[in-house]
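A.B. asks: Generate coordinates for the sequence data below:
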Amino acid sequence: MAAPRDDKIRLTSDGYDEEKARELEEKFDSEIRFRSLGKAAGWIVGSMLIVLSIFHYYTAGFGLLQEMVHRGIHLSFVLALVFLVFPFTKKGYDAPLKSSLLRPMGIPIYDWILAIGAIVAVAHVPLIPLDDLAFRIGNPTTTDVVLGGFLIVALLEATRRSIGWPLPIISLLFMAYALFGPWMPGILVHPGNTASQLIDHLYMTTQGIYGIALGVVATYVFHFVLFGVFATRIGLGQLFLDCAAWVAGRYAGGPAKVSIFGSALFGMISGSSVANAVTVGSLTIPAMIKLGYRREFAAAVEAASSTGGQVTPPIMGAAAFLMIEFLELPYTTIILAAIVPAFMHFFGVLMQVHFEAKRTGLRGLRPDEMPDIKAALKRDWPTIIPLVVLLWVLLSGYTPYLAAFWGITACVAVGLLNPRRRMTVGEVFLGLRDGAKYALAIGAAAATVGIVIGVVTLTGVGFKVSFIVTSTAAQLADFAGYILPTSIVAASTLSLLFTLIMTGVVCILMGCGIPTTANYIIMVTIAAPALVMLNVEPIVAHFFVFYYGLLADITPPVALAAYAAAGMAAADPFKTGNTAFRLGLGKALVPFVFVFSPSLLLVTKDFTWANFTLAFFGCSLGIVCLGAALSRYMLVRTRGWENVVLVVAAFLLVAPELYSTIIGALMIVPIVLRHVSAATAERRASLA
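C.D. replies: Residues are numbered from 1 along each chain as shown. The predicted model follows:
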């Protein structure tokens with residue numbers, strides 16, 4: 001039911017409390033929730049966080065250090081801080097402990113030992129001269145093995161504390177596979193490795209802990225996260241919210257659509273699902289509830305929209321920077337390829353929100369509830385300068401971290417000089433502190449994923465898994481061939497389709513407990529080769545697993561973005577997660593289009609405008625059909641048989657063949673005609 005006319009909804013950045021949003025983010029995002037620290041411990045931790053940010057800011061602008069040294073400094077700070085700020089159990093988040101002999105400065109002595117030990121273990125390898133290191137790889141000393149074993153244990157514990165059990169368990173299973181190869185079944189059998197051989201490979205080489213995942217976090221991700229923190233502090237996020245309210249607020253279900261547009265714009269600078277959810281949601285969720293949306297649905301809209309932050313250019317999420325290293329492509333290429341996926345993500349959520357609003361009769365914002373966009377632009381236009389600077393440097397062909405350096409510099413300059421929203425020197429240091437906070441959990445997770453990658457390179461299990469996946473898909477395709485003759489669907493197409501389905505399901509299942517970035521790295525290592533074996537372009541294969549990995553933050557039972565939004569809406573977390581997952585299903589069809597029609601990514605080898613137009617049209621219409629079926633509404637309420645037809649039509653429309661697109665479009669014609677006729681009759685009846 002629509003809200004009463006006198007029930008005014010306020011949806012402008014004037015009502016945005018930055019400090020409150022930060023508190024909510026820390027409350028619901030376990031990756032940045034720290035233990036309660038006393039004054040002395042808080043000063044030490046804060047100083048270390050600031051030093052870590054300054055180190056990355058300086059090296060981004062004036063040159064990175066030697067690879068192992070740079071990664072070693074980053075990881076030593078990260079692990080030491082994790083043990084100081086993340087307690088062993090959840091009880092440690094309570095009030096600060098009193099200082100004593102066994103708890104110096106209120107932190108248990110075993111955490112101090114782990115922190116110092118981690119620094120020593122991490123620093124050991126970078127301090128070895130390169131000539132000596134080359135001879136010791138494959139023939140480690142006792143010291144190498146002991147310190148390497150300690151680092152692996154410390155790393156697994158740090159990851160458990162910061163993001164939970166799933167990733168450490170997966171890493172332990174992979175290490176067990178490396179050690180017990182001769183006892184593995186079937187094709188998975190291999191000669192096996194000793195513990196010292198495994199530690200040597202994971203600890204002494206750049207194919208394990210010090211590998212590509214850690215390198216990307218230490219080289220790219222940290223800098224862009226820091227930029228996002230400063231851009232938000234100077235008011236760019238608030239300007240985006242005002243723009244989103246002005247663009248979308250007037251339409252049916254206004255605040256929900258503002259949530260989508262606001263998350264899309266804010267996602268350009270955050271790259272974080274939870275940061276999106278609490279920042280944009282602090283304004284939109286109360287407004288949606290006040291307008292008449294169910295609490296679970298209001299929270300789910302924000303959660304589903306917020307996951308798009310990781311695929312929205314120019315910053316995107318950590319996985320985008322990993323693509324640079326894995327694919328050896330310039331960041332501008334990744335940005336260009338991400339444009340259509342980002343659009344399809346938000347378009348899919350928008351369609352379901354629109355249908356829900358029309359079905360329940362929810363109004364848009366009235367003129368007196370809309371923001372004054374001219375006043376907002378006049379007040380906050382300087383905040384756009386850093387984003388322009390970052391994009392200009394990035395598109396000029398310079399490295400992403402140099403672009404981030406100048407973007408951060410511009411943020412600080414605007415913050416210190418802008419008289420309308422001036423930032424103090426103290427707030428600059430707070431920005432440096434907060435930026436480093438986001439690096440801790442992802443830094444530990446990236447190094448732990450290095451264990452998985454190390455085992456894959458040591459044992460070759462990635463190719464074995466790829467063979468298992470492709471052979472199983474081929475068997476399923478043969479079975480399906482008895483039902484669908486090869487004259488209609490080729491056997492190779494069916495084999496690829498089943499491979500994609502199996503890969504997508506695994507991505508979703510892993511998303512139940514592993515962050516998107518870690519999910520992406522593991523799936524790229526294990527599953528993407530299976531797609532490449534079937535002649536899928538590498539960038540397409542990577543985007544497929546990346547896109548399905550986005551569902552991690554809205555996949556119950558572990559759905560961080562959904563839980564954060566549910567907390568703000570006082571809604572049931574599990575129901576919110578289920579609803580958010582349903583809202584995200586509209587764009588679950590899109591990755592299949594990437595594979596069968598790569599032109600949708602704009603940068604593939606066989607790109608043509610004809611193929612792009614067909615795929616874009618079919619995909620957009622398919623998302624509309626699926627959204628209508630899931631919402632049970634198009635122009636009027638849908639009937640049961642119409643929902644079935646709409647789902648079938650959606651799958652046909654996204655198939656990148658002209659004949660299937662035509663068949664899908666023809667299937668929905670009777671439904672559209674009935675809805676137009678029924679909607680016209682309802683309008684006439686209301687006027688009468």
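A.B. asks: Where does His70 sit, in terms of helix or strand?
C.D. replies: His70 belongs to helix 67-85 when assigned by DSSP states H and E.
A.B. asks: If you count neighbours, what's buried in the longest helix seen in the chain?
C.D. replies: In the chain, taking DSSP state H as the definition, the longest helix is helix 425-459. Using 16 or more other Cβ atoms under 10 Å as the test for burial, helix 425-459 gives 427-459. In this view, the C-beta of every residue, glycine as well, is placed from N, C-alpha and C.
A.B. asks: Stretch 145-160 too?
C.D. replies: Within stretch 145-160, the residues that count as buried by 16+ other Cβ under 10 Å are 145, 147-152, 154-160.
A.B. asks: what's the angle from the longest helix of the chain to helix 67-85?
C.D. replies: 110 degrees (axes from the mean of the first three to the mean of the last three Cα atoms, to 10 degrees).
A.B. asks: can you give me the helices for the stretch 501-650 of the chain?
C.D. replies: Secondary structure of the stretch 501-650 of the chain (DSSP state H, counting those that start in this stretch): helices at 516-526, 528-533, 538-549, 560-569, 573-584, 590-596, 609-631, 640-654.
A.B. asks: do the same with the stretch 201-350 of the chain
C.D. replies: 212-216, 222-233, 236-248, 254-270, 273-291, 295-306, 318-327, 331-360.
A.B. asks: among the ones you listed, which is the most enclosed?
C.D. replies: Neighbour counts (mean count of other Cβ atoms under 10 Å) averaged over each of these peak at helix 295-306, with a mean of 31.
A.B. asks: which stretch among the helices of the stretch 501-650 of the chain comes nearest Leu497?
C.D. replies: helix 590-596 (7.7 Å; Cβ to Cβ).
A.B. asks: what's the closest one packed up against?
C.D. replies: helix 331-360, helix 491-510, helix 538-549, helix 609-631, helix 640-654 (3 or more Cβ pairs under 8 Å, 6 or more residues apart in numbering; DSSP states H and E).
A.B. asks: and with 6 Å instead?
C.D. replies: Helix 590-596 sits against helix 538-549, helix 609-631, with contacts defined as 3 or more Cβ pairs under 6 Å, 6 or more residues apart in numbering; DSSP states H and E.
A.B. asks: Using a markdown table, lay out the ones you listed together with distance to Arg639.
C.D. replies: Shown next, in a markdown table, are these (distance: least, Cβ to Cβ, whole Å):
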| stretch | distance to Arg639 |
| --- | --- |
| helix 538-549 | 31 |
| helix 609-631 | 11 |
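A.B. asks: residue nearest the centroid of this structure?
C.D. replies: The centroid of the chain falls nearest to Gln310 when counting by Cα atoms, centre = their mean (4.0 Å).
A.B. asks: pLDDT value on it, please?
C.D. replies: On pLDDT, Gln310 comes in at 78.
A.B. asks: ok, it - contacts?
C.D. replies: Neighbour list for Gln310: 317, 516 [criterion: Cβ atoms under 6 Å, 6 or more residues apart in numbering].
A.B. asks: Please apply the same query to Val340.
C.D. replies: Leu600.
A.B. asks: Over to the one 4 residues further on?
C.D. replies: With contacts defined as Cβ under 6 Å, 6+ apart, the neighbours of Met344 are 587, 590.
A.B. asks: distance of it from Phe297?
C.D. replies: Met344 is 21 Å from Phe297, where distance means Cβ to Cβ, to the nearest Å.
A.B. asks: Where does the prediction get shaky in the stretch 101-250 of the chain?
C.D. replies: Applying pLDDT under 70 to the stretch 101-250 of the chain flags no residue at all.
A.B. asks: if we can go back for a sec, now render the helices of the stretch 501-650 of the chain as CSV, adding distance to Ile54 and mean neighbour count.
C.D. replies: CSV is the format used below for the helices of the stretch 501-650 of the chain (distance: least, Cβ to Cβ, whole Å; neighbours: other Cβ atoms under 10 Å):
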stretch, distance to Ile54, mean neighbour count
helix 516-526, 24, 26
helix 528-533, 36, 20
helix 538-549, 31, 25
helix 560-569, 29, 28
helix 573-584, 38, 23
helix 590-596, 40, 23
helix 609-631, 45, 21
helix 640-654, 48, 19
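A.B. asks: Ok, which of the ones you listed comes nearest Phe261?
C.D. replies: helix 573-584 (15.2 Å).
A.B. asks: Please name every helix or strand in contact with the closest one.
C.D. replies: Using 3+ Cβ pairs under 6 Å, 6+ apart, helix 573-584 is in contact with helix 295-306, helix 560-569.
A.B. asks: at 8 Å what do you get?
C.D. replies: Packing contacts for helix 573-584, counted by 3+ Cβ pairs under 8 Å, 6+ apart, involve helix 295-306, helix 331-360, helix 560-569.
A.B. asks: Just want the angle from that helix to helix 295-306.
C.D. replies: Using the same axes, to 10 degrees: helix 573-584 against helix 295-306 is 50 degrees.
A.B. asks: quick one: low-confidence parts of the stretch 551-688 of the chain?
C.D. replies: 552, 557-558, 656, 688.
A.B. asks: wait, Gly549 sits on Val524?
C.D. replies: No. Contact status for Gly549 versus Val524: not in contact, 9.5 Å apart, counting by Cβ atoms under 8 Å.
A.B. asks: quick revisit: out of the helices of the stretch 501-650 of the chain, flag the one nearest Leu133.
C.D. replies: Using Cβ to Cβ, these put helix 516-526 closest to Leu133, at 24.6 Å.
A.B. asks: returning to what we had before: okay, the helices of the stretch 501-650 of the chain in a markdown table with distance to Val274 next?
C.D. replies: A markdown table is the format used below for the helices of the stretch 501-650 of the chain (distance: least, Cβ to Cβ, whole Å):
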| stretch | distance to Val274 |
| --- | --- |
| helix 516-526 | 11 |
| helix 528-533 | 26 |
| helix 538-549 | 16 |
| helix 560-569 | 5 |
| helix 573-584 | 13 |
| helix 590-596 | 23 |
| helix 609-631 | 25 |
| helix 640-654 | 30 |
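A.B. asks: out of the ones you listed, nearest to Ser263?
C.D. replies: Of all these, helix 560-569 sits nearest to Ser263, with 10.0 Å by Cβ to Cβ.
A.B. asks: If I take that closest one and helix 573-584, what angle do their directions form?
C.D. replies: Using the same axes, to 10 degrees: helix 560-569 against helix 573-584 is 120 degrees.
A.B. asks: looking at the helices of the stretch 501-650 of the chain, which is closest to Leu226?
C.D. replies: Closest among the helices of the stretch 501-650 of the chain, using Cβ to Cβ: helix 516-526, at 16.7 Å.
A.B. asks: Pull the residues that contact the closest one.
C.D. replies: Outside helix 516-526, the residues that touch it by Cβ atoms under 8 Å, 6 or more residues apart in numbering are 163, 167, 170, 213, 273, 310, 317-319, 322, 326, 442, 445-446, 448-449, 452-453, 456, 461-462, 465-466, 503, 506-507, 510-511, 514, 541-542, 545-546, 548-550, 552-553.
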